[in-house]
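Student: got a predicted structure here, sequence first:
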Protein chains: 2
Amino acid sequence: MSDPNDRLPPLNALRAFEAAARRLSFTQAADELNVTPGAISQQIRQLEDYAGTPLFKRTGRSVLLTDAAQASLPLVREAFERISEAGRIMQAPARKGRVMVSCAPSFAAKWLAPKLDGFHREHPDTEAWISADMGLTDFTMADADFAIRYGRGNYDGLKSEKLLDETVLPVCSPSLLEGPDAIRRPEDLRHHTLLHDESSENDPSCPDWASWLRARRVEGVDGARGPRFNQAILVIESAAAGRGVALAKQAIAAADLASGRLVAPFADGSTLIDFGYWLVWPKGRHLSPDVRDFMKWVKTEATKGEIVGV
Amino acid sequence: MSDPNDRLPPLNALRAFEAAARRLSFTQAADELNVTPGAISQQIRQLEDYAGTPLFKRTGRSVLLTDAAQASLPLVREAFERISEAGRIMQAPARKGRVMVSCAPSFAAKWLAPKLDGFHREHPDTEAWISADMGLTDFTMADADFAIRYGRGNYDGLKSEKLLDETVLPVCSPSLLEGPDAIRRPEDLRHHTLLHDESSENDPSCPDWASWLRARRVEGVDGARGPRFNQAILVIESAAAGRGVALAKQAIAAADLASGRLVAPFADGSTLIDFGYWLVWPKGRHLSPDVRDFMKWVKTEATKGEIVGV
DNA sequence: CACTCTTGTTTAGTATTGCTGATCGATCAA
DNA sequence: TTGATCGATCAGCAATACTAAACAAGAGTG
């Protein structure tokens, strides 16, 4: 006898279908779901039996979606988005009192982590977990309640809210302000190592040493020389160690500037850049009270910094 | 290692959850899914393990939803609605050229089925399947592309469109217009059996014999006597067989009136009632071209009837 | 109060489903 | 042509889901 259950497609097969359709590859889908390609193949076949029609056009080398697959895919996706979200909501009580935020590594270490104690004092019953990781993969977001990302704020499929602007300015150890090669004017940089931050390279508005020097018409200093680092924090730590002068992000350097571990040798050195820090989370995600509290606190901390900073 | 899949709740367990939550009963959910209560119990436990928190409050006798379940349930439902719809879309190519309509039994037999040949002549490549069944259960709608229902048109969660109004009028076999007890005026009904249609009883606007007689100030006829039938068609067939006089629905009687198998003994006998015939289908369901063609044809047939009828 | 009915739980055993690993065939690039 | 890659297939195995039966815990009844 037919009953409503027979009408629903086999659910696990749908997961294989979604992955295979997204990747247009059974092999990659298999990879994603940690099974063998054969398993995917069988699941798809099962779904095709249910549909009574092929879902993929096998062209030997690769696979393409049929109209039936194309038409049903959006609904399948929406369904899984909801299931995923439903899963999080179910788990909410078990996660109560815990906020997990995925954060750009340097920002996490130099800005967020040091302030975290303050949050814990305000909200003693909530513990915050920081996961420092680059990029926002499915994996990361699946685990974290939200993310703090460095960029322009346009992430598709995600909601975002501006947290903090970023400015860039030269910083160095206070020791470089003394002695025979003491830095007083930009021209003095010729006697010192320039430290480069590669992490800013995909922001066209963010000056590198060459453009910073050009903008100030400084002659006789080679903006290209010096070591390069792929994370802002490495540049900062090198500078603090007296290795040279870094063109540092304000948010990352702020704490060290405040403590005197770093100094800004020039009065007019800072440049506002396009990239900034953003709170980011998947559209449609339910944000628990704990998460909201944490977001609110982070935003408050950010405004504090803006009043004191630069 | 954790990957995105581990984040998704177990899909089959979700189905059990949805059914159990909807019915607030494991036993009924088991029934619906054609498994034993034990199976449901285990699936729910599995989901609770995933959630890390209970989803049902077991109060010995019955079960209640916890907040976690309450909060996630709407999303789970939406997900299944989409999955169900995706399933239909996948099957569309295989169902091409076939329209399945669920229809109130009497209307199907006396109105729809006889006209069906016309549809087939207009659309030779499409075959229409009629499933005559009462009520609109999940089962019925899952199988049918849409339904034709008798009622007021307000079905929740469903879209509907008015097909046809209904009127009620006395009808009988032409043989009753002859002989010594020939029916000429309502008062003559005292010599004949009154046939009652129980299927109209839940429409307050639909007159039964008692109220029909009262409205016409007919004395001396007992509106309560006579056999009762639970379907309009049974009343019609009884009347056609000469068993008595029925207070019949126009749409159901029309064909027999046209053929002379039945006659309407009184000129002013008909009453427009609140209930009517509606095209009904689940909100958000994708209607294929074939289905749209059929709907359009049915509506055309309905207007034809209105011009000729009453 | 005992009795019974109903409902959910548990457990061991079984059936079904899903997956692997090996093999094959097809396609594409060199 | 060969070699590489990808999907299909099949037998065997692993994991999952289900059943049947016994059990426990209210709720209604006499």
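Tutor: Good, I have the coordinates.

Student: what about the residue in the stretch 151-300 of chain A that DNA strand C sits nearest to, neighbour count?
Tutor: Per Cβ to the nearest atom of the strand, residue A:282 is where the stretch 151-300 of chain A lies closest to DNA strand C, at 25.2 Å. Using the backbone N, CA and C atoms, a C-beta is placed for each residue, glycine as well. Neighbourhood size, residue A:282 [other Cβ atoms under 10 Å in any protein chain shown]: 19.

Student: that one against residue A:156, yeah?
Tutor: No. Assessed by Cβ atoms under 8 Å, residue A:282 is found out of contact with residue A:156, at 11.0 Å.

Student: follow-up on the earlier one: per-residue confidence for the residue of the stretch 151-300 of chain A closest to DNA strand C?
Tutor: Per-residue pLDDT puts residue A:282 at 89.

Student: measure it to chain B for me?
Tutor: The span separating residue A:282 from chain B equals 12 Å under the rule Cβ to the nearest Cβ, to the nearest Å.

Student: contacting residues around the residue nearest to residue A:291 when sequence neighbours are not counted?
Tutor: Leaving aside its sequence neighbours, residue A:291 sits nearest to residue A:145 (Cβ to Cβ, 6 or more residues apart in numbering or on different chains; 4.5 Å). If you count contacts by Cβ atoms under 8 Å, 6 or more residues apart in numbering or on different chains, residue A:145 has them with A:99-101, A:281, A:287-288, A:291, A:294.

Student: same question for residue A:183.
Tutor: A:172, A:176-177, A:189, A:191-192, A:245, A:265.

Student: can we see that at 7 Å?
Tutor: Shown in contact with residue A:183 (Cβ atoms under 7 Å, 6 or more residues apart in numbering or on different chains): A:172, A:176-177, A:189, A:192, A:265.

Student: for it, helix, strand, or coil?
Tutor: Recorded secondary structure, residue A:183: coil (DSSP: H, G, I helix; E, B strand; the rest coil).

Student: three-state assignment of the closest residue to it other than its chain neighbours?
Tutor: Nearest residue to residue A:183, sequence neighbours excluded (Cβ to Cβ, 6+ apart): residue A:265, at 4.5 Å. Three-state assignment for residue A:265 (three-state DSSP): coil.

Student: make sure residue A:265 is actually in contact with residue A:172.
Tutor: Yes. Shown here, residue A:265 and residue A:172 form a contact pair, counting by Cβ atoms under 7 Å, at 6.0 Å.

Student: out of these two, which sits in the more crowded spot?
Tutor: residue A:172 (25 against 22).

Student: what about the stretch 51-200 of chain A, any weak spots by pLDDT?
Tutor: A:136-142 (pLDDT under 70).

Student: that one: strands as residue ranges?
Tutor: A:56-58, A:63-65, A:98-103, A:127-132, A:146-151, A:158-171, A:194-197 (DSSP state E, counting those that start in this stretch).

Student: the third one and chain B in contact?
Tutor: The one in question is strand A:98-103. No. Interface with chain B: strand A:98-103 contributes nothing (Cβ under 7 Å from any Cβ of the partner chain), its closest point being 11.4 Å away.

Student: that strand - contacts with which helices or strands?
Tutor: strand A:127-132, helix A:138-143, strand A:146-151, helix A:289-308 (3 or more Cβ pairs under 7 Å, 6 or more residues apart in numbering or on different chains; DSSP states H and E).

Student: list the buried residues of that strand.
Tutor: A:99-103 (16 or more other Cβ atoms under 10 Å in any protein chain shown).

Student: got TSV for those residues, with distance to residue B:202 too?
Tutor: Conversion of the buried residues of strand A:98-103 to TSV gives the following (distance: Cβ to Cβ, whole Å):
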residue	distance to residue B:202
A:99	54
A:100	55
A:101	58
A:102	58
A:103	62
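
Student: which of the residues you listed lies closest to residue A:44?
Tutor: residue A:102 (32.7 Å; Cβ to Cβ).

Student: who does that closest one bridge with?
Tutor: Per DSSP bridges, the residues bridged to residue A:102 are residue A:131, residue A:147.

Student: these two touch, right, it and residue A:134?
Tutor: No. Residue A:102 is beyond contact range of residue A:134, at 9.7 Å (criterion: Cβ under 7 Å).

Student: what does the stretch 51-200 of chain A put close to chain B?
Tutor: Residues of the stretch 51-200 of chain A lying near chain B (Cβ under 7 Å from any Cβ): A:51-53, A:55, A:68, A:71-72, A:75-76, A:78-79, A:82-87, A:89-94, A:138-139, A:142-143.

Student: please, where are all the helices along the stretch 201-310 of chain A?
Tutor: Using DSSP state H, counting those that start in this stretch, the helices of the stretch 201-310 of chain A run over A:209-215, A:232-240, A:250-259, A:289-308.

Student: export the longest one to PDB, keeping only CA atoms.
Tutor: Written as PDB, here are the backbone C-alpha positions of helix A:289-308 (Å, rounded to 0.1, in the frame of the first residue of the first chain):
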ATOM      1  CA  PRO A 289      20.900  35.200  23.900                       C
ATOM      2  CA  ASP A 290      24.400  34.200  24.800                       C
ATOM      3  CA  VAL A 291      25.600  34.800  21.300                       C
ATOM      4  CA  ARG A 292      23.800  38.200  21.200                       C
ATOM      5  CA  ASP A 293      25.400  39.200  24.500                       C
ATOM      6  CA  PHE A 294      28.800  38.400  23.200                       C
ATOM      7  CA  MET A 295      28.200  40.300  20.000                       C
ATOM      8  CA  LYS A 296      27.000  43.300  21.900                       C
ATOM      9  CA  TRP A 297      30.000  43.200  24.100                       C
ATOM     10  CA  VAL A 298      32.400  42.900  21.200                       C
ATOM     11  CA  LYS A 299      30.800  45.900  19.600                       C
ATOM     12  CA  THR A 300      31.000  47.900  22.800                       C
ATOM     13  CA  GLU A 301      34.700  47.000  23.000                       C
ATOM     14  CA  ALA A 302      35.100  48.100  19.500                       C
ATOM     15  CA  THR A 303      33.700  51.600  20.100                       C
ATOM     16  CA  LYS A 304      35.900  52.000  23.200                       C
ATOM     17  CA  GLY A 305      38.900  51.300  21.000                       C
ATOM     18  CA  GLU A 306      37.800  53.900  18.500                       C
ATOM     19  CA  ILE A 307      37.600  56.600  21.200                       C
ATOM     20  CA  VAL A 308      41.000  55.900  22.600                       C
END
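
Student: what angle do it and strand A:158-171 make?
Tutor: Calculated by axes from the mean of the first three to the mean of the last three Cα atoms, to 10 degrees, helix A:289-308 forms an angle of 30 degrees with strand A:158-171.

Student: please identify the buried residues of helix A:289-308?
Tutor: For helix A:289-308, by 16+ other Cβ under 10 Å, it's A:290-291, A:293-295, A:297-298, A:301-302, A:305.

Student: can you name the residues of the stretch 51-200 of chain A that neighbour DNA strand C?
Tutor: Counting by Cβ under 7 Å from any atom of the strand, the stretch 51-200 of chain A comes close to DNA strand C at A:59-61.

Student: DNA strand D is nearest to which of the helices and strands packed on strand A:98-103?
Tutor: helix A:138-143 (18.9 Å).

Student: now residue A:54: how far from residue A:68?
Tutor: Applying Cβ to Cβ, to the nearest Å, the value for residue A:54 to residue A:68 is 8 Å.

Student: count the neighbours of the residue of the stretch 151-300 of chain A found nearest DNA strand D for me.
Tutor: The nearest approach of the stretch 151-300 of chain A to DNA strand D comes at residue A:157, 24.8 Å away (Cβ to the nearest atom of the strand). Residue A:157 has 9 neighbours, counted by other Cβ under 10 Å.
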